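[1] need the 3D shape of this:
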Amino acid sequence: MGAGSSVEMKGVKVSEKFNADMASQYDEKPQPGDLLEISRGTYQHWAIYVGDGYVVHLAPPSEIPGAGVNSLMSVLANTALVKKEELWEVVGDSTWEINNLLDDKYEPRPVYLIVREALDLVGEELPYCVFRGNCEHFVTRLRYGKPQSRQVRQVGEAAVYAGALTLGALGVAALLATLLGGNKDKRKQ
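    Below you'll find the model as predicted:
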């Protein structure tokens with residue numbers, strides 16, 4: 001294959017770059033409408049596969065492959081751009097997987113609607129909030145009609161757990177102080 005050529009996999013044209021760099025690493029090939037989870041180390045970036053080796057994703061200004069710690073600056077962004085890019089450009093040297101995480105909970109919308117709506121949003125600047133409107137919310141709304149973020153839920157659960165542990169430890173410390181303090185007072189009498 002020459003530069004810029006493509007092959008067809010499962011009815012989807014895939015660019016040579018995608019085929020050579022990505023497909024050999026993964027047994028399962030993305031289908032239009034699939035959610036792709038891209039590991040950025042400290043967090044996951046999400047995109048939706050729209051076919052022909054392309055994805056649509058919600059990208060705050062700091063969301064670029066290889067940004068590392070700098071990509072965490074997205075928490076400060078209040079807007080993000082909907083982009084259509086080749087999968088390999090978005091993934092960079094990160095790992096990725098197909099993760100239609102809510103298929104067991106919700107029925108996915110028809111593929112043609114998912115793809116059409118995703119493509120219609122390309123170029124739009126949307127409100128961005130890491131807790132209420134991030135890239136995972138964006139793709140789950142497209143696929144299921146319901147914006148959800150497992151990452152936000154997990155962080156929230158971890159914060160609640162850490163808070164419970166802290167409160168529990170403070171409660172035990174207060175109880176011990178009361179008990180031990182009460183014994184001191186009895187000794188003084």
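
[2] report the contact partners of Ile114.
    Ile114 is in contact with 32-33, 48, 108, 142-143, counting by CB atoms under 8 Å, 6 or more residues apart in numbering. In this view, the C-beta of every residue, glycine as well, is placed from N, C-alpha and C.

[3] go again using 10 Å as the cut-off
    Shown in contact with Ile114 (CB atoms under 10 Å, 6 or more residues apart in numbering): 32-35, 48-50, 56, 108, 139, 142-145.

[4] SS state for it?
    Following DSSP: H, G, I helix; E, B strand; the rest coil, the label given to Ile114 is helix.

[5] not counting its neighbours along the chain, what's nearest it?
    Gly33 (4.3 Å; CB to CB, 6 or more residues apart in numbering).

[6] most surrounded residue in the contacts of Ile114?
    Neighbour counts for the contacts of Ile114, by other CB atoms under 10 Å, peak at Val139, which reaches 32 neighbours.

[7] walk me through the domains of this structure.
    Per the record's domain assignment (automatic domain parsing), the chain is made up of the domains 6-148, 149-189.

[8] sorry, back to before: closest to Asn78 among the contacts of Ile114?
    Val139 (19.5 Å; CB to CB).

[9] wait, the closest one sits on Val50?
    No - Val139 lies out of contact with Val50 (CB atoms under 10 Å); the separation is 11.0 Å.

[10] where do the helices of this protein begin and end?
    Assigned by DSSP state H, the helices in the chain fall at 16-21, 87-91, 111-121, 135-144, 150-188.

[11] quick one, the fourth one and helix 111-121 angle?
    By that I understand helix 135-144. Interaxial angle, helix 135-144 versus helix 111-121 (axes from the mean of the first three to the mean of the last three CA atoms, to 10 degrees): 140 degrees.

[12] fine by me, we can end here.
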